[in-house]
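Colleague: Generate a structure from the sequence data that follows.
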Amino acid sequence: MLKPRNYSKNVFVNCPFDTKYFELLKTLVFTIVYFNFIPRIALESSDSGQSRLEKIVTLIKESRFSIHDLSRLQAKSADEYYRLNMPFELGIDFGLRTFNTSYSDKRSLILETEKFDYMKAISDINGFDIKNHSDIPEKLIECLRSWFSETVGLRGLNSSDKIYSDFIDFNTDLFRRKMNKYAGKHTSTEAERFADSEIQQMTMPEYIDAIDEWKVGKT
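Modeller: Okay, here's the model as predicted:
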C-alpha cells in the first residue's frame, strides 16, 4: 500500500482541545517539531466539506506515529458524560495497526494525568506502557523525550530540562517578534495587548510555522 511521503515523520496527535489543556498542547506540538517530526492534528485544517471522523481516519493513516492523551476522560459533574473522543480515536489507530498488516509498523504513546487514571474508564488497555504527565509541561516533555528515545529510536537527545528551556525561549522570542510588529505605531501597553491577542489567535499551522522559523534562527 502506497503511503504518503512523510509517513515516517508524521505524528498523529489525539488530545483534548479545551482551554485548560491548551498550554500542554502547545508544549506537545513544540516537542514534536523540536525532534524534527511533523505534528498531524485535526486543528490543522477546517474543511467544512470533510467530516471530522473522515479527517481523523485520514490523519491516522498518514502517520506512522501517534500520541493519545487520555487525561480528560473523566466527567467533571453529575450531569456530564465521559469524554469518549480520545479513546475512540485510540481504538481506530489500534485497529488499523492490528488488522491491516500494511500498518503493522505503527507505534503509539498513550498519556494520562495521574498513574492508572485510565483504569476507571478504559481498563482494556491495562498492560500498555502508559506515561503520566500530571498536567505539568516539564513532565510532559520528559514523557515525550523517553518515548522518542525508547520507541521511535532517536539518540543523542537534549535533556528534558534543556528542551523546556528552549520552549520558554521560543515563546519569549515569539512574543518579542509580535511586539516589534506593533512597536512605534502604538503605545507599549497596546503593543503588548495586540501581541498577546495575536498569539492567542494563532492557528495550529501558524504555530507550527513559528516553531520552524525559530528553529531555523537557532541553527
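Colleague: Show me the shaky parts of this protein.
Modeller: Low-confidence segments of the chain (pLDDT under 70): 1, 46-49, 73-83, 116-128.
Colleague: Return the residues in contact with Ile92.
Modeller: For Ile92, the residues meeting the contact criterion (Cβ atoms under 8 Å, 6 or more residues apart in numbering) are 56-57, 60. In short, each C-beta sits where N, CA and C put it, glycine included.
Colleague: Could you pick out the buried ones from those?
Modeller: When burial is judged by neighbour count using 16 or more other Cβ atoms under 10 Å, the buried members of the contacts of Ile92 are 56, 60.
Colleague: With respect to Ser159, which of the contacts of Ile92 is nearest?
Modeller: If you rank those by distance to Ser159 using Cβ to Cβ, Ile60 comes first, at 31.0 Å.
Colleague: and that closest one, what element?
Modeller: Under the criterion DSSP states H and E, the helix or strand holding Ile60 is helix 52-61.
Colleague: can you give me the helices for this protein?
Modeller: Using DSSP state H, the helices of the chain run over residues 22-34, 52-61, 85-99, 137-147, 160-182, 188-200, 204-218.
Colleague: What count of nearby residues applies to Glu198?
Modeller: The burial count assigned to Glu198 is 16, neighbours taken as other Cβ atoms under 10 Å.
Colleague: Next up, the contacts around the residue lying closest to it once chain neighbours are set aside.
Modeller: The shortest distance from Glu198 to any non-neighbouring residue, by Cβ to Cβ, 6 or more residues apart in numbering, is to Lys178 (5.3 Å). Under the criterion of Cβ under 8 Å, 6+ apart, the contact partners of Lys178 comprise 194-196, 198-199.
Colleague: still on that earlier bit, among the helices of the chain, which comes closest to Ile110?
Modeller: Relative to Ile110, the nearest member of the helices of the chain by Cβ to Cβ is helix 85-99, separated by 7.0 Å.
Colleague: Just the buried residues of that closest one, please?
Modeller: Within helix 85-99, the residues that count as buried by 16+ other Cβ under 10 Å are 85-87, 89-90, 92-94, 96-97.
Colleague: Nearest to Pro4 among the residues you listed?
Modeller: Each of the buried residues of helix 85-99 was scored against Pro4 by Cβ to Cβ, and Leu96 proved nearest at 14.4 Å.
Colleague: what's the nearest residue to the closest one if we skip its chain neighbours?
Modeller: Tyr103 (5.0 Å).
Colleague: For the one you found, grab the count of nearby residues.
Modeller: Counted by other Cβ under 10 Å, the residues lying close to Tyr103 total 19.
Colleague: Fine, thanks again, bye for now.
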